[in-house]
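Asker: give the three-dimensional model of this entry:
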Amino acid sequence: MLMRMLACWLLLCLGGSAQAGSVECGDIKLAFHNVGALYYRGPDGAWTGIDKDVVDELAKRTGCHFQATLESRVRIWTMLAGGKLDMSVSGIPTPEREKFARFIPYFAARNYVLLDQSLPASATTAEGFLAAQGYKVAVVKSYKHGAGYDLWLDKLRAQGRVYEAADFPSVVRLLKIGRVQAVLAVPVVWVPVLKQEGLSESVRVMDWVPRENIAHGLIISRERIPAATAERMAKAIESMRNDGTLLMIFRRHIGDELASGLLNYQ
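Answerer: Here you go, the predicted structure:
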């Protein structure tokens, strides 16, 4: 009898602890954005991708409940800065952004320049492209590309040679119709999109800043999410890296060749 009562008491305590943990985490409003292998529609029409799999696994390990929506990248940053969104994914920290958000890295990647194959050899370097006044580049509005590329883009912007689009498919369309001669993107974005658009053989992939790997992470509102909850998520991401779950997710969406490189973050 005593053992039965003790067992019941233990179950009640455990149940109460789990419930308390779930309540502490609460419902979290999270926004995805449609880009490359990070978040896309699969053959069956359902949304899938690296970011979705990471968030699904995060929910299992933290007990948090994520209320997901699909937004443009520009709107996501605006809502986060204005305290109207709890969280997003695959974000790059900057001093300005860190004023309103915490970042928990889960992959790293560097940008490549995708050039129209027809460009002359003289325009296949950063300096050569800059010197060719007629050539333009397209990027996703509000994206950060690393110090090297952002400085290069600033020089092009000063000459009116940068198109900014709401998402990467729009950027690729500008390249496809000849409005621009170059676009910037990380492999998890451009590899699947170029295949979908039939452009894999008509662009030249250039690695102009080979040492500039940039960490991408969960973006967590400082105003709306307690530090303790952010720490819980950080520990969950660390466990996903340590037990191979992150690598498995990367392989599922971009294959073995690129997957391991995504883990090169601090």
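Asker: not counting stretch 188-197 itself, show me its contacts.
Answerer: Outside stretch 188-197, the residues that touch it by Cβ atoms under 8 Å, 6 or more residues apart in numbering are 35-38, 40, 50, 107, 109, 112, 114, 168-169, 172-173, 176, 183, 185, 200, 203, 205, 253-254, 258, 262. Heads up, the C-betas are built off the backbone N, CA and C, glycines and all.
Asker: filter those down to just the buried residues.
Answerer: Among the contacts of stretch 188-197, those classed as buried by 16 or more other Cβ atoms under 10 Å are 35-38, 40, 50, 107, 109, 112, 114, 168-169, 172, 176, 183, 185, 203, 253-254, 258, 262.
Asker: among those, name the ones in helices.
Answerer: Mapping those onto helices (DSSP state H) picks out Ile50, Phe168, Pro169, Val172, Lys176, His253, Ile254, Leu258.
Asker: and the gap between the last one and Phe129?
Answerer: When Cβ to Cβ, to the nearest Å is the yardstick, Leu258 and Phe129 sit 25 Å from each other.
Asker: over to the first one?
Answerer: For Ile50, the distance to Phe129 (Cβ to Cβ) stands at 30 Å.
Asker: list the contacts for the residue lying closest to Cys64 once chain neighbours are set aside?
Answerer: Nearest non-adjacent residue to Cys64, counting by Cβ to Cβ, 6 or more residues apart in numbering: Cys25, 4.0 Å away. By Cβ under 8 Å, 6+ apart, the contact list for Cys25 reads Thr62, Gly63, Cys64, His65, Thr229, Arg232.
Asker: repeat for Met233
Answerer: Leu58, Thr62, Cys64, Ile104, Leu218, Ile220.
Asker: kindly report the same for Tyr112.
Answerer: Going by Cβ under 8 Å, 6+ apart, Tyr112 touches Leu184, Ala185, Val186, Pro187, Trp190, Val205, Met206, Asp207, Trp208.
Asker: how about 6 Å then?
Answerer: Tyr112 makes contacts with Val205, Asp207, as judged by Cβ atoms under 6 Å, 6 or more residues apart in numbering.
Asker: again, but for Leu199
Answerer: So, once contact is read as Cβ under 6 Å, 6+ apart, Leu199 ends up touching nothing.
Asker: tell me the pLDDT at it?
Answerer: pLDDT recorded at Leu199 is 79.
Asker: so which strand or helix has the residue sitting nearest the centre point of the chain?
Answerer: Central residue of the chain (Cα atoms, centre = their mean): Ser90, 2.4 Å from the mean position. Taking DSSP states H and E as the definition, Ser90 sits inside strand 87-91.
Asker: do the same with His216
Answerer: Short version, using DSSP H and E: His216 is in strand 214-221.
Asker: verify the stated contact: Leu175 with Val183.
Answerer: Yes - using Cβ atoms under 6 Å, Leu175 makes contact with Val183 at a distance of 5.2 Å.
Asker: got a list of what the residue nearest to the centre of the chain touches?
Answerer: Contacts of Ser90 (Cβ under 6 Å, 6+ apart): Leu38, Asp51, His216.
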